[in-house]
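S.K.: structure for this input, please:
(chains A and B)
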Amino acid sequence: MGEITKSLLEAIKLISSLDPEIYGIIGLTLAVTVLSTFISGILGISAGLALGTLNFPGRNLVARIIGTFMGLPPVVAGLIVYMLLSRSGPLGSLSLLFTPAAMVIAQVIIIFPVITGLTISAVRHGSGRIMETCRGLGFSRMKTLYFLIHECRYAVISAVLAGYGRAVSEVGAVMLVGGNIRYKTRVMTTAIVLETGMGEYRKALALGIILLVVSFMINWILQRFQEGK
Amino acid sequence: MSKRLNKRSTIISRIGKAGAGIGVTALILAVYVLLAACSPELQSKELTLATTTSVNDSGLLEYLTPILKKDTGINLKIIAQGTGQAIKTGENGDADVLLVHDKASEEKFVSEGFGVKRIEFMYNYFVMVGPMDDQVGLKGSGEADASAAFKKIAQSNAVFVSRGDNSGTHKKELSLWKAAGLEPSGGWYVSAGKGMGDVLMMASEKKAYTLTDKATFLAMKDKLELQMVLENAKDLLNQYSVIAVNPEKHSGINKQAAAKFIEWLTSDRVLGSIEEFCKDKYGANLFYINSSGKK
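M.R.: Residues are numbered from 1 along each chain as shown, chains lettered A, B, ... in the order given. As a prediction, this is how the structure comes out:
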């Protein structure tokens, strides 16, 4: 218990010291996680809506494939992105390996299926009934979709929250494609692994506490948004 | 709290506003992140160095990075991997320069055309470390070479933690087992697959023996319950080299910065700083100089 208290104090010390390196790490974590969740959210909610409401040949197959990819081990996604972006790989000329952009790409691949799959579940349940009602009321396609999202907003935002949770907890993939480079691609999770490897358990735990607080704040904002409607 | 019937238009306008707010924030973040990665001017001053975890964990590179920036303007991006992985990174063209310590793989790297030239510039010694009670009795036993010490460990019931990750340290360890005529296996031989810092922590936890470079051990000593049990044996020499990755093999290699870095690294002044690194802190050199580059 004493160690946790000491780590808590260390966390407060790190924050109040205004150390630019720590703030850089926190800032990069926010940038990468929020951006990848945002992109995956737009793509995932759209795909989830389409797969949840439209009926086209092969729809069930696609939905099942997406469902399988929800369970894709993130480090495997990271490895595939690494091999694609390496200079000896097909997309090497983009020089994206070991950059934050690569980290975002890897995270989008991981999170997109999660948000899509959860949105499909959110929408599928009541969509038939809702869409019939909307058609009966004479709504246009766009209005129907808006209404559908509104009705399922709680579950859809939960899907985004789940996606964000995956993004902020990711270690293996971002370590691989980012390289944990100081000042450039080091995020909270990879910094924790580094400090642990150097035996700096207190600092690692302090970073973990800061990460939890940041994540909690984002979750809180999103949930206010969820309830505020 | 009054409950009002939400009109459809209010909902839509609120979704719209919230969405726009989030969208704008996310876009600003996106621009920041992508600009930071892709600006060409920044890229020409960036040098990607793939190196070993043992050099990185000793703190030497962290010490040299700001000096490099001040002297040459180069931003050093350090990727710490095991030597095996670092060499592969060089073969793939994902790094501009390597700093590694396994002569055999380095010579192969250059002879196969992936590297320009292998330049030895600094060395130190591996040491064997073990638990404070040293049950195998290696300390002060006057063993002349490490392979004999390895044999003793294999014959006892002590635990040995191996890097197990194709790093320079791992390859050195394997060569010592080979010299002792042994192929280590069994519950006592723990292949960790991790970097030097991690392996030292593990050996400390398990009260085991391991092979480490002196610099990393000294840098982490106060966190470990381990002591040096064998040093200065003739088969424990640890030679570091710097190699520029061959720019002909891949596009995008920053060959100017690589050449400048090597010139800077092998200059008298910087070599002197390397020799002085942590000398007063530990009372002995962490690294010694033996540059075959230009003086």
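
S.K.: elements contacting the biggest helix by length in chain A?
M.R.: Determined from DSSP state H, the single longest helix within chain A is helix A:100-137. Applying 3 or more Cβ pairs under 8 Å, 6 or more residues apart in numbering or on different chains; DSSP states H and E, we find helix A:100-137 packed against helix A:20-53, helix A:59-70, helix A:74-85, helix A:141-151, helix A:153-169, helix A:172-178, helix B:8-38. Yep, even glycine has a C-beta here, placed from its N, CA and C like the rest.

S.K.: need the winner for burial among those.
M.R.: Taking mean count of other Cβ atoms under 10 Å in any protein chain shown as the contact definition, the stretch among the helices and strands packed on helix A:100-137 with the greatest mean neighbour count is helix A:172-178, which reaches a mean of 25.

S.K.: would you mark the buried spots in stretch B:58-67?
M.R.: Neighbour-count burial for stretch B:58-67, with 16 or more other Cβ atoms under 10 Å in any protein chain shown as criterion, is recorded at B:58-61, B:64-65.

S.K.: closest one of these to chain A?
M.R.: For the buried residues of stretch B:58-67, the closest approach to chain A (Cβ to the nearest Cβ) belongs to B:Thr65, at 8.0 Å.

S.K.: any idea which of the buried residues of stretch B:58-67 the model trusts least?
M.R.: Checking pLDDT across these, the minimum falls on B:Ser58 at 83.

S.K.: need the contact list for it.
M.R.: Contact partners of B:Ser58, counting by Cβ atoms under 8 Å, 6 or more residues apart in numbering or on different chains, are B:213, B:215-216, B:218-219, B:286.

S.K.: what about 10 Å?
M.R.: Applying Cβ atoms under 10 Å, 6 or more residues apart in numbering or on different chains to B:Ser58 gives the contacts B:52, B:124, B:196-197, B:213-220, B:277-278, B:286-287.

S.K.: is there proximity between the helix or strand bottoming out on mean pLDDT in chain A and chain B?
M.R.: The element with the least model confidence among the helices and strands of chain A, by mean pLDDT, DSSP states H and E, is helix A:141-151, at a mean of 81. Yes - contact between helix A:141-151 and chain B is present through A:143, A:146-147, A:149-150 (criterion: Cβ under 10 Å from any Cβ of the partner chain).

S.K.: quick one: list the elements packing against that helix.
M.R.: Helix A:141-151 makes packing contacts with helix A:20-53, helix A:100-137, helix A:153-169, helix B:8-38 when contacts are defined by 3 or more Cβ pairs under 10 Å, 6 or more residues apart in numbering or on different chains; DSSP states H and E.

S.K.: just send those helices back as TSV, with mean pLDDT too.
M.R.: Formatted as TSV, these follow (pLDDT from 0 to 100):
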stretch	mean pLDDT
helix A:20-53	91
helix A:100-137	88
helix A:153-169	91
helix B:8-38	62
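
S.K.: okay, those helices in JSON lines with distance to A:Thr5 next?
M.R.: As requested, those are arranged in JSON lines below (distance: least, Cβ to Cβ, whole Å):
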{"stretch": "helix A:20-53", "distance to A:Thr5": "20"}
{"stretch": "helix A:100-137", "distance to A:Thr5": "33"}
{"stretch": "helix A:153-169", "distance to A:Thr5": "24"}
{"stretch": "helix B:8-38", "distance to A:Thr5": "34"}
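
S.K.: which one of the contacts of B:Ser58 sits closest to A:Ile22?
M.R.: B:Gly197 (20.1 Å; Cβ to Cβ).

S.K.: my read is that that closest one contacts B:Met220, right?
M.R.: Yes - distance between B:Gly197 and B:Met220: 6.2 Å, which falls inside the contact criterion (Cβ atoms under 10 Å).

S.K.: and the helices in chain B?
M.R.: Along chain B, the segments classed as helices by DSSP H run B:8-38, B:40-44, B:53-58, B:60-72, B:83-91, B:103-111, B:146-155, B:168-179, B:196-206, B:214-220, B:255-265, B:268-276, B:279-282.
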